[in-house]
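S.K.: Just a sequence and a predicted model for now, questions to come.
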Amino acid sequence: MNDRTQHEGMDLVAKAIAGWLKGFILLFGVYLVLHSHETPGGGFAGGIIIACAFILFTLAEGQHAGMKLLSKHAAAKLASVGALIFLGAAIASACRKGALGADHAGILLFLEKNAMSLYDLALALVVSMLIYVVFSVTSAVHVTVKDGQRKMFRQRRT
């Protein structure tokens, strides 16, 4: 292990606390997505909380460890998959009901009374991955101001 990755991220106490919290945060985000049919904004709010778990891990352990867990390219591909699932559910709903968006609950993942919607699942995937991509892209840029001029530098990975 080189010297840079050893000192990357936060100190030992913050890493320990983040290690405990990230699982609970991820679990709460998944809970909100799974119960999105009962709560308002479940897919969107659950996606944001899931993204917060990945962002917490990246902040605590460092950018190198965060990119090992989930790279921005993989997150962008997952966001695209979520968008395609959302589009497919919308088209299937339009074919089933005759008008786009007429079936507000969406195509149900399970044929039960308390089933979650594919819309909410896809929305959570898109929101969580896009927020993580925006975070990882903006955290890789370092802006310095010297003599009234701004210069942007991209951090190099080793």
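M.R.: Looks like it came in fine.

S.K.: in stretch 131-151, what counts as buried?
M.R.: Going by neighbour count (16 or more other Cβ atoms under 10 Å), the buried part of stretch 131-151 is 131-133, 135-136. The C-beta positions use only the backbone N, C-alpha and C, and glycine is treated the same way.

S.K.: Out of those residues, which is nearest to Gly66?
M.R.: Closest to Gly66 out of the buried residues of stretch 131-151 is Ser136 (7.0 Å), distances taken as Cβ to Cβ.

S.K.: Helix or strand: which one has that closest one?
M.R.: helix 118-139 (DSSP states H and E).

S.K.: For that helix, which helices and strands make contact with it?
M.R.: With contacts defined as 3 or more Cβ pairs under 8 Å, 6 or more residues apart in numbering; DSSP states H and E, helix 118-139 has these neighbours: helix 12-34, helix 42-61, helix 63-69, helix 72-97.

S.K.: Report the rounded mean pLDDT for the third one.
M.R.: Helix 63-69 shows a mean pLDDT of 87 in the predicted model.

S.K.: The closest residue in space to Ala89 that isn't next to it in sequence: neighbour count?
M.R.: Nearest residue to Ala89 in three dimensions, chain neighbours excluded: Leu118, at 4.2 Å (Cβ to Cβ, 6 or more residues apart in numbering). Leu118 has 21 neighbours, counted by other Cβ atoms under 10 Å.

S.K.: ends of stretch 35-45, how far apart?
M.R.: The straight-line separation of the ends of stretch 35-45 (Cα to Cα, to the nearest Å) is 11 Å.

S.K.: Sort out which residues of that stretch are buried, please.
M.R.: Applying 16+ other Cβ under 10 Å to stretch 35-45 flags 36-37, 42-45 as buried.

S.K.: so how far is it off the chain centroid?
M.R.: Stretch 35-45 sits 16 Å away from the centroid of its parent chain (Cα atoms, centre = their mean, to the nearest Å).
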